[in-house]
Structure formats: structure tokens, C-alpha cells
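>>> let me see the structure of the following:
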Amino acid sequence: MITSDLLRVEFGSHSKKRPNNLVIGRTYDHHIYDLVEVGVENFKSMKSCSYDKKIAPLIGSKPFFAFIGEGFENVEELKHLKEVLLDLFRGQVVSSLNLAGLDHVYVCTAVSSNKVLFTHCALRLKKSGTIVPMVELVEVGPSMDFVVRRHRLPDESLKKEAMKIAPELIKKKEKNVSKDAIEGKIGKIYVPDQQVGNASLPFTPKGVKRECREAKAKGEDNKHEEKKQKWHDDVSA
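Numbers count the residues shown, from 1 in each chain. Predicted structure coming up:
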């Protein structure tokens, strides 16, 4: 989880034991929250990349992040590196974003359990024959390979303190409401028994009227037969 109260820090060093060393970390309340130490290999600067300067990313624009590889979900070191990188490049928090203003992407590819290819690319939109343009990635630098050397996860007590949320910001749980990534917001409505069989209808269907007339006629016929039978019985007596 990423919080706005964490401050990002970076420290670069070089030694015979750990050449081209880069330490990325975060602090909270003047305490070291977590640290990730990586070695930088195959560095490629912006000047060494040849591309059309018209597609160069604008200063201050929001970047995409693409994480490729199962290591970012299964390996603890890469999961930690992913979280720190997202927090490092998060920048100013905005409530809405214009997709037309997205002009660059950072592609992170996990090639092993401790190595990540970090590539900075610009987005070039081309015609595709449809309303959705074809997106082409153009490497603009800087790009490099990260080799994870050491990492330190946050202390549980400090993590609990940093992840606190103000009570007024906590959303109340809605009863019988769930959210789905595809269908969106889903709710359940409980409808009591309407007892439709006992409800009075505003009109009498024609078929029912016919049945009533037939039943009435049949009842009169039965009554006439009973009177006739009674008359015959009286005469016989």
C-alpha cells in the first residue's frame, strides 16, 4: 500500500564490492520506513537514444507503468521493488487525468528473481483504420537494468502507524452491495411476498365472464332438472 505521508529518498554510491549501487527508500515520521538496494547495469542515457524530438515526453506529465513478469507477483524482493518504484514516480496526486496527455511509459520486465529491465519509452500514436490508434513504444532513455541486492521491509508497528486512515475518510460498508471489475456495482433487493393470488383485479377477463355464464347456465339447468324430478315424484305418489 502506498500512502502520501511517506517521503521518498535515493542514495547512489560506488565501491569495489558494490559497484554502481543505488538505494531507494522511504521515511515516515523521521524514521526509515523501508529500503531497496539495487545495482545499476547497462545504463543507457537520453543522449545515446536517437528518436524524433517531437515525441519527447513533456516535463511534469504523468507516466504509465507496465510490469511484465510473474516475479512481480510471486517474488518478495520484486514485489517490494514494484511498490517503491510506483511510490517514487507517483508525483502529485490528481483526481482526474486526460488520456491524451499521457506521452511516456516505464516498462519494467522481470527476467529473473532478482533482475529487472527498466526501460523508459515515449508513446507514438499511429493510424490503425479505427477510432482507436495504434500505439508504438520508442525508447527515449534513460534505461538500465536493476539487480536487486538487498531490501528491508517496514517494521510492523511502524507500518501500522503509517497506514492509519482518518475515521472521516473511511467509507461505511453498504449492506447487500458488492463491486465487480466487469459488472461494476451490484446490489441485492429483497422483495416481500406480494400475495398476487389474493389481489383484486381491476377488470374481469373475458374468459372468466364466459365461465361464469356457463356455470350459471349449468346451475339453472340442474335446478330445472331437480324441479322436474320432484314434480314426477309427486305425481307418482
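>>> which ones are touching the residue nearest to residue 27 when sequence neighbours are not counted?
Using C-beta to C-beta, 6 or more residues apart in numbering and skipping residues adjacent in sequence, the residue nearest residue 27 is residue 7, 4.8 Å away. Every residue, glycine included, has its C-beta placed from N, CA and C. With contact set as C-beta atoms under 8 Å, 6 or more residues apart in numbering, residue 7 has these partners: 26, 27, 28.
>>> any idea whether the second one is helix, strand or coil?
In terms of secondary structure, residue 27 is strand; the call rests on DSSP: H, G, I helix; E, B strand; the rest coil.
>>> now do the contacts for it.
Counted by C-beta under 8 Å, 6+ apart, residue 27 has contacts 6, 7, 9, 33.
>>> try the last one
By C-beta under 8 Å, 6+ apart, residue 28 lies in contact with 5, 6, 7, 158, 161, 162.
>>> which residues in the chain form helices?
For the chain, the helices defined by DSSP state H occupy 71-74, 76-88, 156-162, 206-236.
>>> other SSEs contacting the longest strand seen in the chain?
As assigned by DSSP state E, the longest strand anywhere in the chain is strand 31-44. In terms of contacts (3 or more C-beta pairs under 8 Å, 6 or more residues apart in numbering; DSSP states H and E), strand 31-44 is packed against strand 21-28, helix 76-88, strand 143-152, helix 156-162.
>>> which strands and helices sit next to the second one?
In terms of contacts (3+ C-beta pairs under 8 Å, 6+ apart), helix 76-88 is packed against strand 7-13, strand 21-28, strand 31-44, strand 64-68, helix 71-74, strand 104-110, strand 143-152.
>>> could you check the angle strand 143-152 makes with the second one?
What it means is strand 21-28. 60 degrees (axes from the mean of the first three to the mean of the last three C-alpha atoms, to 10 degrees).
>>> strand 21-28 pairs with which strands, parallel or anti?
Sheet pairing here is set by DSSP bridges, and for strand 21-28 it gives strand 7-13 (antiparallel), strand 31-44 (antiparallel).
>>> quick check: mean pLDDT across that strand?
Across strand 21-28, the average pLDDT comes to 91.
>>> pull the distance from it to the chain's centre.
Relative to its parent chain, strand 21-28 has a centroid offset of 28 Å by C-alpha atoms, centre = their mean, to the nearest Å.
>>> next: the third one.
Here strand 31-44 is found 28 Å from its chain centre; the criterion is C-alpha atoms, centre = their mean.
>>> which residues sit against it?
For strand 31-44, the external contacting residues (C-beta under 8 Å, 6+ apart) are 6, 18-27, 77, 80-81, 84, 139, 141-154, 158-159, 162.
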